[in-house]
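*Asks:* I need the structure of the sequence given here:
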Amino acid sequence: MLVSDRVQGLLSRERGLLGDVQAFLEAQGAPPEVIGHARQALRNLDEAFLLVVVGEFNAGKSSFVNALLGAVVLPEGVTPTTDRIYVLVHGEQPGQMEPTADPFVSRLTYPLPSLEGVALVDTPGTNAIIRQHQALTEGFLPRADLVLFLTSADRPFTESERQFLELAARWGRGVIMVVNKADLLETPEQREQVRAFVETGARGVLGLTPPVVLISARAEQRGGDAGFASLRSQIGRAHV
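*Replies:* Below is the predicted model:
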C-alpha cells in the first residue's frame, strides 16, 4: 500500500461520486465535451500523486516496481526490458492500455489497491541508448511529486546516475534514494559503506540529505524484505 487507508477511502468515495455524475450526464444526453470533463476528472484522481521511478537499465527497475506493487505488472529480464515510459494507474481491467498522445508512453491500468490515488511511472534507463527515451524520462520530472531514484548495490551511484539526479535537483523534486540488490552485501559494514556512499553522493548533487533505503526486490518477491516496509512508509508520508 503506497498511500494511507484514509486517503484511499477519500479517493474511493470521490471516484464513486464522479462515476455517478458521469453516468447521469450520459443518461441525460449531455454534450460530449461535458461528459469528457467528468471523465477527465475521474482520470485525474488516478494521478493525484505522481511517483516516478528512475535509474540505470540494469538497476532492476522493473523487478523493483513489481515488488513495490506486489504484482507482476512489468516484464523483467537481464537485458533492458523497458524501451518506453509506462504509466501505471488504478483501473478495473488488468493490463488494459489507454491511449496517450505520445507513442513512447504506455498508460496501463491495474486493479491494485497500491495504485489507488497514485500514478506510478516506470522509465527507460538513465543510460538509455535511444536518446529520445531519455528525453521523455526527463519530461516527467517537472511534474513528479516524488522521485524514487534507484541504484544498485553492486555499482552504487554511477556517473550517469549523478548527472540524471541533477535534473531532479533542478526541478526541486522530492527524492528517495533506493539501493536495490542489497542482498549482495554480506555484512552490516558493507551495507553501511554503500548507504553512506550513496548518501554523500546524493547530498553533493541535491544540496540536502535525502533518505537512503536499502532493499532487495528479489527478497521481497520471495517472501518479504524489511526495506520495502520502510520505503512504503516514507512514500505514504510524502502523499499528503
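*Asks:* What are the contacting residues of the helix or strand hosting R170?
*Replies:* Element membership for R170 (DSSP states H and E) is helix 159-171. Defining contact as CB atoms under 8 Å, 6 or more residues apart in numbering, one finds that helix 159-171 is touched by 54-56, 126-127, 138, 141-142, 144, 147, 149, 151, 175, 201-202, 205-207. Every C-beta, even on glycine, is put in place using the N, C-alpha and C of the backbone.
*Asks:* wait, I235 sits on V147?
*Replies:* No - the criterion here is CB atoms under 8 Å, and I235 misses it with V147 at 11.1 Å.
*Asks:* shared neighbours of the two, anything?
*Replies:* I176.
*Asks:* Those two - which one has more neighbours?
*Replies:* V147 (26 against 22; other CB atoms under 10 Å).
*Asks:* per-residue pLDDT, M177?
*Replies:* Model confidence at M177, expressed as pLDDT, equals 96.
*Asks:* before we move on, the earlier item: could you write me a PyMOL select line covering just the buried ones among the contacts of helix 159-171?
*Replies:* Typed into PyMOL, the line below selects the buried ones among the contacts of helix 159-171, using 16 or more other CB atoms under 10 Å:
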select buried, resi 54+55+56+126+127+138+141+144+147+149+151+175+201+202+205+206
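*Asks:* for this protein, what are the low-confidence residue spans?
*Replies:* 1-12, 14-15, 18, 37-38, 40-48, 77-83, 101, 126-138, 239-240 (pLDDT under 70).
*Asks:* ranges for the strands of it?
*Replies:* 49-55, 85-90, 96-98, 105-110, 118-122, 146-152, 175-180, 212-214 (DSSP state E).
*Asks:* So which of those is nearest Q221?
*Replies:* strand 175-180 (11.9 Å; CB to CB).
*Asks:* Distance from the chain centre to the closest one, please.
*Replies:* Centroid displacement of strand 175-180 relative to its chain, using CA atoms, centre = their mean, to the nearest Å, is 12 Å.
*Asks:* got it, and stretch 163-171?
*Replies:* Centre to centre, stretch against its chain (CA atoms, centre = their mean), the figure for stretch 163-171 is 17 Å.
*Asks:* With distance to P32 added, can I get the strands of the chain in CSV?
*Replies:* What follows is the strands of the chain, written out as CSV (distance: least, CB to CB, whole Å):
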stretch, distance to P32
strand 49-55, 28
strand 85-90, 23
strand 96-98, 18
strand 105-110, 21
strand 118-122, 25
strand 146-152, 35
strand 175-180, 41
strand 212-214, 46
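*Asks:* Which among those is found nearest to G36?
*Replies:* Once the strands of the chain are compared by CB to CB, strand 96-98 is nearest, at 14.3 Å.
*Asks:* partner strands of the closest one, parallel or antiparallel?
*Replies:* strand 105-110 (antiparallel) (DSSP bridges).
*Asks:* As a check, name the ranges of all helices in the protein.
*Replies:* 5-27, 32-46, 61-69, 131-140, 159-171, 188-206, 217-222, 226-238 (DSSP state H).
*Asks:* For the last one, give me every contacting residue.
*Replies:* Residues outside helix 226-238 that contact it (CB under 8 Å, 6+ apart): 1-4, 51, 67-68, 145-146, 148, 174, 176, 178, 182, 211, 213-216, 220.
*Asks:* Weed out the non-buried ones from the residues you listed.
*Replies:* 1-3, 51, 67-68, 145-146, 148, 176, 178, 182, 213-216, 220.
*Asks:* Nearest residue to G207 in space, ignoring adjacent ones along the chain?
*Replies:* Among residues not flanking G207 along the chain, A169 sits closest, at 7.0 Å (CB to CB, 6 or more residues apart in numbering).
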